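Q: Generate a structure from the sequence data that follows.
(one chain, ligands or ions: 2)
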Amino acid sequence: MSNNKESGTGMDDAGNSGGVKTAMEGQNKPRRRRRRPAAKPVLEESVVAVEKASPGTLHVKRQNGGKRAPLSTAEGEKPQTSEEGAVAKASGKKPARAADTLRMIPLGGMCEIGKNMFVYEYGQDMILVDCGISFPDEAMPGIDVVIPDFAYVLDNIDRLRGIFITHGHEDHIGALPWLLRTVKATVYGSGMSMALVKQKVEDRETGVKGVNLVTVKDGDRIRAGCFEVEFIHSNHSIADANVLAIRTPAGTVLHTGDFKIDYTPLDGRIMDLGRIAEIGAEGVLLLVCESTNVENPGASSSETKVGEALSSLFQQAEGRIFVTTFSSNVFRIQQIFTAAEKQKRKVVLVGRSMLKYYEAADSLGYVKHKPETLVEINKASKIAPNELVYITTGSQGEPLSALTRMANAEHRQIEIRKGDMVILSSSAIPGNEKSIYRVINELYRKGARVIYKSLAEIHVSGHACQEELKTIHTLVKPRFFVPCHGEYRHLYRHAQLAVGLGMPQENVHILSNGDVFEYSKKRQQARIAGAVHTSAVLIDGSGMLGELDRHILRDRLLLAEDGVVSVALAINRKTGALVGQPEIQARGFYYNSERDRIVKECQHKIRDIVKKAEEAGKRVETLLKGDSLNYQLEQLLQARTKRRPVLIISVIEV
Ligand SMILES: [Zn+2]
Ligand SMILES: [Zn+2]
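A: Residues are numbered from 1 along each chain as shown. Ligands and ions are numbered 1, 2, ... in the order given. Predicted coordinates for the structure are as follows:
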């Protein structure tokens with residue numbers, strides 16, 4: 001979550017009120033960015049609750065001819081990545097739809113890891129696969145989450161036949177509450193996915209009424225218009241992940257979702273490679289496959305390996321044990337329970353999202369332990385230290401997470417002390433390293449023994465590495481391939497991997513969000529047929545920011561860098577003459593030592609400018625129009641301080 005919410009800057013956001021005319025300047029200059037991002041909350045393999053961001057109704061303005069105004073942010077910011085056969089983007093225009101064509105349009109999840117959302121269309125039918133969120137980057141201060149642009153879905157709402165979920169990670173289901181507020185559609189997914197979606201739709205803040213959720217089993221086939229979607233079991237760092245086989249009149253699409261191939265998964269349910277091979281033998285038109293770990297050679301390790309490492313560490317521990325992990329990883333939680341029971345230790349769950357995921361997994365019977373093993377946090381103080389294991393949130397060093405607060409002695413019930421063992425059974429999501437190391441430093445300072453990363457095999461990834469990807473490509477033998485779930489470099493490397501396995505280059509397409517992959521049954525050809533308007537929609541505490549509100553972000557960045565200076569002039573309504581001294585106030589701009597000098601110089605400058613205007617017979621307001629007052633004051637401030645604050649000038653008539 002963003003931790004830079006601040007109030008009390010006293011700044012009115014460029015709004016005009018009463019007799020105060022306000023001009024703002026400084027929004028349009030390119031700026032350096034110096035801000036350090038807060039620890040990125042966990043997308044994959046865990047979730048940080050989206051507390052502040054409760055979904056509001058989509059406010060979609062209807063414009064001329066009922067055409068929908070885009071909800072999204074500015075165009076032209078992402079790199080053009082369509083490859084061979086790409087047609088120039090016709091953003092905003094609906095590409096023409098032929099009756100016999102299959103279309104796949106990613107609304108998110110391309111050239112990024114996050115906010116996965118895919119549209120599949122054929123004739124008069126449309127289905128969606130996944131509807132996830134991503135988290136803001138350092139250029140989005142005050143933003144809580146980012147969701148896909150639903151404009152295309154809303155434009156074609158009458159054709160929507162269902163929403164299909166591959167698995168329950170936030171980057172695949174997190175944006176559903178926002179979509180379901182506006183869109184009435186049935187959501188299909190596995191047990192764990194639907195348990196988590198149910199929590200969302202029943203949540204007090206994010207809740208939506210009257211949503212139809214259908215829980216499917218492995219092997220189920222759901223008809224949705226002309227589509228038939230089959231759920232195939234796969235392995236991932238969350239229970240009940242599925243590969244989707246989407247049958248269409250033009251051919252079969254295999255949409256992998258996130259997966260790894262685990263030959264010794266904890267629950268014994270190996271990814272259904274047999275079924276995937278059968279479908280491959282029937283013939284697959286298009287493979288849409290995740291790319292997260294495509295840079296890693298070899299294969300991912302099995303989840304069961306972690307259990308062995310945890311058990312041997314637990315044996316060595318003499319005091320309390322703390323394990324932090326991605327709270328959505330039920331298998332990991334299970335292994336911690338198992339290792340704890342072996343050592344006759346009790347388990348305490350700490351942190352809201354830990355409890356949330358445990359609850360979902362427990363409702364499905366996925367965590368097996370003796371009832372007396374789980375104890376509540378307030379009972380733990382009566383138990384001997386060497387009989388306790390805490391499973392806690394905070395694997396990414398998130399400032400508000402339980403582990404960070406324990407390390408900083410800010411947690412209400414628990415403080416880390418000498419003799420504790422702390423195991424970080426997780427990997428750092430890129431960008432979070434500093435926050436994690438800060439926590440580790442603190443843990444060492446408190447006297448704990450800390451086990452992380454290279455010190456033991458205490459974490460395995462949930463995503464397929466090169467050899468696993470090759471297995472899928474080889475079993476599926478698709479005619480066309482679109483890599484997804486990766487930054488551009490991942491997509492590129494995955495395309496290379498496919499070509500290396502013998503796929504013709506022209507059958508591999510790297511897409512950007514919004515690109516329309518189209519396959520004509522009649523012509524038996526695929527192409528990228530333009531693009532639909534899509535971009536990130538930013539959500540902050542109060543609701544949704546759209547395209548028009550992008551300036552708010554720009555101002556937040558400027559304020560963070562150089563602060564704000566406000567200048568108020570009082571002028572005589574009749575004569576237009578300056579009344580008294582211009583009042584100058586600033587926040588985050590000047591140092592105490594410079595203050596008097598800068599204020600005096602500004603006042604002097606303003607008097608000068610106003611006097612010249614008066615002599616030329618111009619009223620003071622006209623100085624605001626031409627920006628000349630703004631410009632000259634800014635020049636002065638920059639010359640004296642080398643800083644360029646947001647400048648607000650108000651003229652009050654008295
Ligand atoms: Zn994912
Ligand atoms: Zn995932």
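Q: Could you use CA atoms for every contact and neighbour count after this?
A: Will do.
Q: residue closest to the middle of this structure?
A: S134 (1.1 Å; Cα atoms, centre = their mean).
Q: how deep is R223 tucked in, by neighbour count?
A: 14 (other Cα atoms under 10 Å).
Q: circling back: I figured the residue nearest to the centre of the chain was touching G114, is that so?
A: Yes - with contact defined as Cα atoms under 8 Å, S134 reaches G114; the gap is 4.6 Å.
Q: which phi and psi does I383 have?
A: phi -100, psi 140 (degrees, to the nearest 10).
Q: now do the one 4 residues further on
A: Recorded main-chain torsions at E387 are phi -120, psi 20, according to degrees, to the nearest 10.
Q: ok, so what distance separates it from V347?
A: 9 Å (Cα to Cα, to the nearest Å).
Q: Please identify which of the two sits among more neighbours.
A: Remark: of E387 and V347, V347 carries more neighbours, 25 against 18, as counted by other Cα under 10 Å.
Q: what sits opposite that one in the beta ladder?
A: Beta bridges link V347 to L374, V389, judged by DSSP bridges.
Q: got the contact list for it?
A: By Cα atoms under 8 Å, 6 or more residues apart in numbering, the contact set of V347 is F337, A340, T373, L374, V375, L388, V389, Y390, I391.
Q: Now the buried members of those residues.
A: Restricting these to buried positions leaves F337, A340, T373, V375, L388, V389, Y390, I391, with burial counted as 16 or more other Cα atoms under 10 Å.
Q: And the pLDDT at the closest residue in space to the fourth one that isn't next to it in sequence?
A: Counting by Cα to Cα, 6 or more residues apart in numbering, V375 lies nearest to V348, which is 5.4 Å off, once chain neighbours are set aside. pLDDT, V348: 98.
Q: show me what contacts V348?
A: Contacts of V348 (Cα under 8 Å, 6+ apart): L374, V375, E376, I377, A380, L388, V389, Y390, I391.
Q: Can you give the contact residues for the longest strand anywhere in the chain?
A: If you go by DSSP state E, the chain has its longest strand at strand 578-587. The contact list for strand 578-587 (Cα under 8 Å, 6+ apart) reads 9, 563-572, 599, 603, 606-607, 610.
Q: Which pair in the residues you listed has the greatest spatial separation?
A: Spanning the widest gap among the contacts of strand 578-587 are G563 and N572, at 30.1 Å by Cα to Cα.
Q: Regarding R438, which helix or strand does it belong to?
A: helix 433-445 (DSSP states H and E).
Q: what about stretch 170-177, start to end distance?
A: 12 Å.
Q: Following the helix of greatest length in the chain in sequence, what is the next regular element?
A: Counting residues, the longest helix found in the chain (DSSP state H) is helix 592-615. The C-terminal neighbour of helix 592-615 among helices and strands, as given by DSSP H and E, is helix 621-625.
Q: okay, that following helix in CSV with CA atoms only?
A: Output of helix 621-625 as CSV, limited to C-alpha atoms (Å, rounded to 0.1, in the frame of the first residue of the first chain):
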residue,chain,number,x,y,z
GLU,A,621,-5.6,39.9,-13.1
THR,A,622,-4.2,40.2,-16.6
LEU,A,623,-0.8,39.3,-15.2
LEU,A,624,-2.2,35.9,-14.3
LYS,A,625,-3.6,35.3,-17.7
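Q: Provide the contact partners of that helix at residue level.
A: A23, A613, L629, N630, V651.
Q: Can you tell me which of those is nearest I238?
A: Of those, the one sitting nearest to I238 (Cα to Cα) turns out to be A23, at 51.8 Å.
Q: picking up where we left off before, please produce a markdown table containing the contacts of helix 621-625, extended by neighbour count, distance to Y590 and pLDDT.
A: As requested, the contacts of helix 621-625 are exported to a markdown table (neighbours: other Cα atoms under 10 Å; distance: Cα to Cα, whole Å; pLDDT from 0 to 100):
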| residue | neighbour count | distance to Y590 | pLDDT |
| --- | --- | --- | --- |
| A23 | 18 | 21 | 35 |
| A613 | 17 | 28 | 79 |
| L629 | 21 | 20 | 83 |
| N630 | 21 | 18 | 85 |
| V651 | 20 | 23 | 83 |
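Q: Can you verify my assumption that I571 contacts V651?
A: Yes - using Cα under 8 Å, I571 is in contact with V651, at 7.1 Å.
Q: if we can go back for a sec, the helix holding R438 packs against which elements?
A: The helices and strands touching helix 433-445, judged by 3 or more Cα pairs under 8 Å, 6 or more residues apart in numbering; DSSP states H and E, are helix 402-407, strand 449-451.
Q: How about residues contacting the shortest one?
A: Residues lying outside strand 449-451 but in contact with it, judged by Cα under 8 Å, 6+ apart, are G419, D420, M421, V422, I423, L424, I440, L443, Y444.
Q: residue contacts, the fourth one?
A: For V422, the contacting residues are I321, F322, V323, T324, L443, A448, R449, V450, I451, by Cα under 8 Å, 6+ apart.
Q: Cool, thanks, signing off.
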